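>>> predicted model and sequence below, questions to follow.
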Amino acid sequence: MARVLRTVAIVLFALWFGWHLYRHVAVYLVRGRVVVITDRVLGNLVLGAGGIGVVLNPFPADVILLAAVLTADLLLWWTELWVVVGASPERILERAGLVLRGMGFSYDTEGPHNLEERSGRIRLRVAVSATGRTHVLRLRSARGINKVALFRANFRKFLLAIPRERR
């Protein structure tokens, strides 16, 4: 019975991981669009892959791995890191500015890779650029404000709507 439960758990975690990988990465790669992996999607990928690891490990190691996976998921949620593949930092900040202006926010650009809404509720920074078209964004936003949550959703949609830039 325990073997069957472990097998079912592995299949469920693999489906969880595969679905999120397909839905948020593969679809946009095939369509030639910018790939945007938000903090929530990163957390779901960590939970899926980590869940498989937890199920495959014996008792003492699985508890430690479970704690590590949950900690990683919490840190991804807290730091609000996004991965964007296929767009330049200028294009990312341009899209963020369009969304902010469309929602009635005013903003300032601080340097070539930073953007901040004037009341400080939204801060966008290109934290790391692995290549010219692959970036890690740090999107700091006030939690619990509906308009800020709407900005996050609209910004993601605006990024996904543009075709991937070629070199």
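Sure, I can see it.

>>> skipping adjacent residues, who's closest to the residue most central in space within the chain in space?
In the chain, the C-alpha nearest the mean C-alpha coordinate belongs to T38, at 1.6 Å (Cα atoms, centre = their mean). Once flanking residues are discounted, T38 sits nearest to W82: 5.3 Å by Cβ to Cβ, 6 or more residues apart in numbering. The way it works is simple: take the backbone N, C-alpha and C, and place the C-beta from them, glycine included.

>>> number of nearby residues for the one you found?
W82 is surrounded by 24 other residues when neighbours are defined as other Cβ atoms under 10 Å.

>>> show the subsequent helix or strand relative to the helix or strand hosting it.
Assessed by DSSP states H and E, W82 sits inside strand 81-85. Toward the C-terminal end, the helix or strand that comes next after strand 81-85 (DSSP H and E) is helix 89-102.

>>> run a quick neighbour tally on the residue nearest to G102 when sequence neighbours are not counted.
Closest residue to G102 apart from its sequence neighbours, by Cβ to Cβ, 6+ apart: N154 at 7.6 Å. By the measure other Cβ under 10 Å, the count of residues near N154 is 17.
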